[in-house]
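> Next one to model:
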Amino acid sequence: MSDFQNNESLNNKIFYEGNRILPLDYKYTVPPVDLLKKNQTDTTDEKSAMEIETVRNRSQAIEKTLLNFKYPAKVTGTVTSPTVTRYELSVDSKVNISKLKSILPTLKFVLNVESVRLITTVNGTATLGLEIPNKNLGMANIGDVIDSAEFTDASPSDLPIALGVNTENKPVVVSLKKTSHLLVTGATGMGVIPFLNTLLISLTYKCGADDLRLVLVDPVEVEFIKYKGIPQLYGGKIYSEYSEIDNVLTRILNEIDDRLMIFQSFQVRNAEEYNDTIDKSVNRKMPKIVLVINDIYHFTCQSTKIKNEFLNKLTRIMQKGRAAGVHVVLAVQENYLNTLPRSFMMNIPGVISFKTFYERSSRAVLNSNEATLLCKNGDMLYKNPADIELDRICLAYVSNDEVDAVTENVKANNVSYSESKSKWTDEINGAPLLNIIALKYVIEKQLASISTLQRNFHLGYSTAGRIIDWMEKNGYISAMDETHTRRILITQEDFNKLYGMLDVDMEDLV
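Reported below is the predicted structural model:
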């Protein structure tokens, strides 16, 4: 919204007003699910003879090792996921958990595995769990998760992410709306970039251009290149230069302020309530805004002035953005976590950590060293802001070929936002078309006010204010009198002489 309606080209206009180019009957064509790999994950109880033998041998080794330390235990069940197998233990209720943790290095040695993770309660029961890496690490495929009921039943306003499968091999779908903002980290090659593809493909399968505006920032300039041209992408480009990004952050802040002002006018609390309140037969929805920044350290490693300006704007966006439907996803490699101040990270409720090599990195984001216990192949821990426990999940992997297929399908079957020409960029006698349309409306209704233009044209406060100022400056309306009203000084006949008959159906515009 804000001041983006009157300047330059459509590519430099912001999220909500840019949505005006969409027809009221806009329909988004979702790409077919068969573009994605499916049925690669073993979700049945059938296992090969080798897997059964491995589980049996490890169960016996666990029981024997614990007994040697005078902790009698019985493996009562196992659950296998693509990356780990969870061994469920029945132990005496008097067992000291802290002392039991001290045995984990011995178990790791006996089982000849990279790590052993202790779960102090399994599904809310008194059963303990030991998560042990599989001999052959598998992968979850995004097609299985996107085709699951958990994803298909989710609303576009929830901004669902087909995250992967948990240790029980059940699909995990996370709502970015509920998470609010998300920090993603891990060692190089452990899954940070694949996660960003999973995020974007998930949103592409659920949200059209009327539901979502994606702002993609990538200093490397190559990771998001396949998404250039999809209708959800703001500006039709991937931002990489700091000067561009600083400008976009400012626009998002202005957008948030304008949206909050509209919410006050409509007496609603958030974008969902606003969209439920408006008449969709004559008004467009207010789309969510998702800002995704890859390799944020490229900006936090700059001069102190640039770093502080960048982080301050991001902090304000995260603090004010949730109600306005603005969400932030930040990706940073483990080695550069120390460039993010602790006070800044406190504004990010949700965390995804892939494997880290240093305990300090794990503790910085999870307050524990458990990220060092993870495997490769997209093994992650998800810190849900609504839950104390960390969720272990195997990332739903999407290949480069799948990204190509999905994005090409979306571009082929949907008009790109950035390629559509806006009728608002035209001018008549040197005046922006939007101003002229608004003036025609004011003459017809014999009512001129900022709030009227906001409500009927879905403009931001500053944009509507500038149009009213333009009308007053040109003598079309009077200044505001003591009753806070304005007189209409221009007649329909004078309007027609200046700007023509203007064959525009007002019902299509407001």
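
> Only C-alpha atoms from now on, for both contacts and neighbour counts.
Fine.

> Show me which helix runs longest in this protein.
helix 242-266 (DSSP state H).

> Enumerate the positions of that one that are buried.
242, 245-246, 248-249, 251-263 (16 or more other C-alpha atoms under 10 Å).

> who touches it?
1-2, 14-15, 217, 239, 269-271, 274, 299, 310, 313-314, 316-317, 320-321, 323-324, 326, 454-455, 460-462 (C-alpha atoms under 8 Å, 6 or more residues apart in numbering).

> Need the contact partners of the helix or strand that that helix is followed by.
Next helix or strand after helix 242-266 toward the C-terminus (DSSP states H and E): helix 271-277. By C-alpha under 8 Å, 6+ apart, the residues outside helix 271-277 that reach it are S157, F263, F266, V268, K285, M286, P287, K288, A323, A324, G325.

> and of the residues you listed, the nearest to V84?
S157 (32.9 Å; C-alpha to C-alpha).

> ok, and for stretch 479-491, which residues are buried?
Buried, per 16+ other C-alpha under 10 Å, within stretch 479-491: A479, R486, I488, I490.

> what about the last one, is that helix, strand or coil?
Read that as I490. coil (DSSP: H, G, I helix; E, B strand; the rest coil).

> where's it relative to G475, distance?
8 Å (C-alpha to C-alpha, to the nearest Å).

> where do the strands sit along the stretch 1-150 of the chain?
Along the stretch 1-150 of the chain, the segments classed as strands by DSSP state E, counting those that start in this stretch run 73-80, 84-91, 117-119, 128-133, 140-141.

> got the domain boundaries for the chain?
27-39+139-419, 49-133, 426-508 (automatic domain parsing).

> what about the second one, start to end distance?
This points to domain 49-133. OK, domain 49-133 end separation, C-alpha to C-alpha: 18 Å.

> Looking at it now, give me its mean pLDDT.
Confidence for domain 49-133, expressed as mean pLDDT, is 89.

> And the first one, by the same measure?
Over the span of domain 27-39+139-419, the pLDDT mean works out to 91.

> One more: the last one?
Averaged across domain 426-508, pLDDT comes to 82.

> Offset the numbering so it begins at 9, please.
All right, first residue 9 from here; so that's domain 434-516.

> so how far is that domain from its chain's centroid?
37 Å (C-alpha atoms, centre = their mean, to the nearest Å).

> just the first one next, same as before
In terms of C-alpha atoms, centre = their mean, the gap separating the centre of domain 35-47+147-427 from the centre of its chain is 3 Å.

> Also the second one?
Centroid separation for domain 57-141 versus its chain: 36 Å, with C-alpha atoms, centre = their mean.

> Max pairwise distance over the buried residues of stretch 487-499: which two?
Taking C-alpha to C-alpha, no two of the buried residues of stretch 487-499 sit farther apart than A487 and I498, at 13.4 Å.

> circling back to that earlier point, would you turn the strands of the stretch 9-158 of the chain into CSV with distance to A456 and mean neighbour count?
Converted to CSV, the strands of the stretch 9-158 of the chain look like this (distance: least, C-alpha to C-alpha, whole Å; neighbours: other C-alpha atoms under 10 Å):
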stretch, distance to A456, mean neighbour count
strand 81-88, 67, 17
strand 92-99, 66, 22
strand 125-127, 65, 17
strand 136-141, 67, 22
strand 148-149, 56, 28
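
> Turn these into TSV, columns for distance to D387.
What follows is those, written out as TSV (distance: least, C-alpha to C-alpha, whole Å):
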stretch	distance to D387
strand 81-88	14
strand 92-99	9
strand 125-127	13
strand 136-141	10
strand 148-149	10
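
> Quick one, which of these gets closest to S56.
strand 81-88 (12.2 Å).

> How about residues contacting that closest one?
Contacts for strand 81-88 (C-alpha under 8 Å, 6+ apart): 63, 67, 71, 74-75, 93-100, 175-177.

> of all those, which comes closest to L348?
Scanning these for proximity to L348, where the rule is C-alpha to C-alpha, the winner is T175, at 30.8 Å.

> tell me, how many neighbours does the closest residue to the closest one other than its chain neighbours end up with?
Sequence neighbours aside, S89 is the residue nearest to T175 in space, at 5.2 Å (criterion: C-alpha to C-alpha, 6 or more residues apart in numbering). S89: 24 surrounding residues under other C-alpha atoms under 10 Å.

> D399: which of the strands of the stretch 9-158 of the chain is closest?
Of the strands of the stretch 9-158 of the chain, the one closest to D399 (C-alpha to C-alpha) turns out to be strand 125-127, at 10.7 Å.
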